[in-house]
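S.K.: Okay, here's the prediction I keep looking at, along with the sequence it came from:
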Amino acid sequence: MKISNETKVGALTALAITLLVLGFNFLKGRSLFKTGSFLYAKYADAKGIMISNPVYINGYQIGSVYDIENEDENVKNIIITIKLKTFYNIPANSVAVIKDNPLSSASIAITLGNAPKMLQSGDTLTTSNNPGLLGELSSKVAPIGDQLKSTLHSLDSVLKNVNTIFDPNTKHNLQETIANITKTTASLTVSAASIQGMLNEQNGAINQSMKNINSFTKNLSDNNDKISQTLGNIETTTGKLSKADFEGTVTNLKKSVENLNEVLARMNSKDGTVGLLMNDKQLYYNLNNTLRSANILLDDFKTHPKRYVNVSVFGRKDKSQPLTAPLNDSAFNK
C-alpha cells in the first residue's frame with residue numbers, strides 16, 4: 001500500500017505538534033501524565049507565583065509549582081499544586097509560605113514542623129501569609145508617613161501661631177529683651193572677673209588652711225601609736241565594764257533601799273521605841289519631866305549635900321527645905 005505524500009506530511013505535523021507540547025510542558029516542569037508525589041497548598045493571595053516556580057526546604061529545592069487554580073468562582077482562595085522531585089519525609093505540621101522577590105520570581109518555602117506524622121502524597125500543607133520585603137517596608141513606612149504628616153501639620157500650626165504673635169510691637173519687645181540679655185551677659189562677665197579676683201586674694205588663706213590641715217594630719221600620724229594605745233585602754237576599760245556585775249550591784253542596792261525603807265517605816269510607826277520617841281508626845285513629856293526631876297535632884301544634892309551624906313559625928317542635921325525647881329545654871333533647865 002502506497003502512502004500518499006499528504007498523509008506523510010499530516011502525520012509528521014501531528015508528531016511535531018505532540019513533541020512540541022511535550023517539550024514545552026517538560027521545560028515548564030510538567031509532564032503529560034500526572035505521575036509522582038504531589039502536595040497542595042491553599043492561599044488567599046498567590047503573590048504572582050507561576051507554574052514551575054521552585055519550592056524550597058532550608059534552601060534546597062525539593063520540587064516546583066505544578067499547577068495553579070482557583071477554588072471557586074469568587075477566586076477567594078488559590079490552590080497551588082506542588083510536585084516533588086521524589087518522596088520526602090515532611091512533618092504534617094510544616095508550614096508553606098510564598099516569598100515574593102522584586103528581583104526574581106516568587107518561590108515557596110516550607111518550614112519543617114516537629115510532628116511525628118508525615119505528609120503523604122495528595123495531602124494539603126498548612127500555609128501562612130508572609131508580607132515579603134516590600135510588604136514589610138510598606139508596613140513600616142506607612143506609620144512613619146502618618147507621623148510625619150501629623151508632625152508637619154503641627155509645625156504648620158505652630159508657624160501660623162508664631163506669625164500671629166510676632167507683630168511689629170512684639171518684635172520690638174523681643175529686640176529689647178535680647179538687648180537686656182546682652183547687658184546681663186556683660187554684667188555677668190564683670191561679676192565673674194570680680195569673683196575671680198576675690199578667689200585670687202583668698203588663695204593665700206586657702207593655702208594656709210591647707211597647710212594647717214596637713215600639719216594636723218601629720219600630728220595625727222605622728223601620734224598614731226599614742227592614739228592606738230588610748231583606744232586600746234578605752235577598749236580594755238569598756239571590756240571590764242561589760243564584764244562587771246552591774247546586775248548584782250543593782251540587786252544589792254535595791255535590797256539596801258528596801259531595808260532602808262523598812263527601817264524608815266518602823267521609825268514612822270508607833271510600834272518601836274524610835275517610833276514612839278518620834279511620834280508619841282506623852283512619852284516625850286514623860287522623858288522631859290524625868291530629866292527635870294533628875295536635874296532638881298542633882299541641884300539639891302549639890303546645894304544640900306549634908307542632907308544626903310552626914311560625915312560629922314557632932315554635926316547638926318540640915319533642916320532646910322528641899323528644892324522644887326532646878327537651879328538657873330543647870331544645863332537641863334527648861
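M.R.: Now that the structure is in, tell me what you want to look at.
S.K.: how far away is the closest residue to Asn114 other than its chain neighbours from Gly36?
M.R.: In space, and not counting its chain neighbours, Asn114 is closest to Pro91: 6.2 Å by CB to CB, 6 or more residues apart in numbering. C-betas here are computed from N, CA, C, even on glycine. Pro91 is 20 Å from Gly36, where distance means CB to CB, to the nearest Å.
S.K.: does the residue nearest to Asn114 have beta-bridge partners, and which?
M.R.: Met118 (DSSP bridges).
S.K.: which parts of stretch 199-219 are buried?
M.R.: By neighbour count with 16 or more other CB atoms under 10 Å, stretch 199-219 contains no buried residues.
S.K.: chain center to that stretch: distance?
M.R.: 42 Å (CA atoms, centre = their mean, to the nearest Å).
S.K.: repeat for stretch 249-258
M.R.: Taking mean C-alpha positions (CA atoms, centre = their mean), stretch 249-258 and its chain are 53 Å apart.
S.K.: send the alpha carbons of that stretch over as PDB?
M.R.: The C-alpha trace of stretch 249-258 is given here as PDB (Å, rounded to 0.1, in the frame of the first residue of the first chain):
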ATOM      1  CA  THR A 249      25.200  45.600 142.200                       C
ATOM      2  CA  VAL A 250      21.800  46.900 141.300                       C
ATOM      3  CA  THR A 251      20.200  44.000 143.100                       C
ATOM      4  CA  ASN A 252      22.200  44.700 146.300                       C
ATOM      5  CA  LEU A 253      21.500  48.400 146.000                       C
ATOM      6  CA  LYS A 254      17.800  47.500 145.600                       C
ATOM      7  CA  LYS A 255      17.900  45.300 148.700                       C
ATOM      8  CA  SER A 256      19.600  48.100 150.700                       C
ATOM      9  CA  VAL A 257      17.000  50.600 149.600                       C
ATOM     10  CA  GLU A 258      14.300  48.100 150.600                       C
END
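S.K.: Pull the residues that contact that stretch.
M.R.: For stretch 249-258, there are no external contacting residues (CB atoms under 8 Å, 6 or more residues apart in numbering).
S.K.: got the buried residues for it?
M.R.: Of the residues in stretch 249-258, none is buried (16+ other CB under 10 Å).
S.K.: Please apply the same query to stretch 36-43.
M.R.: Ser37, Phe38, Leu39, Tyr40, Ala41, Tyr43.
S.K.: quick one: which of these sit in strands?
M.R.: Residues of those located in strands (DSSP state E): Ser37, Phe38, Leu39, Tyr40, Ala41, Tyr43.
S.K.: So in terms of bridging, what pairs with the nearest residue to the third one once chain neighbours are set aside?
M.R.: Right, Leu39. The shortest distance from Leu39 to any non-neighbouring residue, by CB to CB, 6+ apart, is to Ile82 (4.5 Å). Ile82 has the following beta-bridge partners by DSSP bridges: Leu39, Val65.
S.K.: for Tyr88, helix, strand, or coil?
M.R.: Here Tyr88 is recorded as coil under DSSP: H, G, I helix; E, B strand; the rest coil.
S.K.: for Ile108, that is, sorry about that
M.R.: Ile108 ends up strand, using three-state DSSP.
S.K.: For it, give me its contacts.
M.R.: Here Ile108 is in contact with 41, 49, 53-56, 65, 80, 82, 96-99 (criterion: CB under 8 Å, 6+ apart).
S.K.: Which of those are buried, as a ChimeraX select command?
M.R.: Listed next is the ChimeraX selection for buried residues among the contacts of Ile108, using 16+ other CB under 10 Å:
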select :41,49,53,54,55,65,80,82,96,97,98
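S.K.: Please list the members of the contacts of Ile108 that lie in strands.
M.R.: Using DSSP E, the subset of the contacts of Ile108 located in strands is Ala41, Pro54, Val55, Tyr56, Val65, Ile80, Ile82, Ala96, Val97, Ile98, Lys99.
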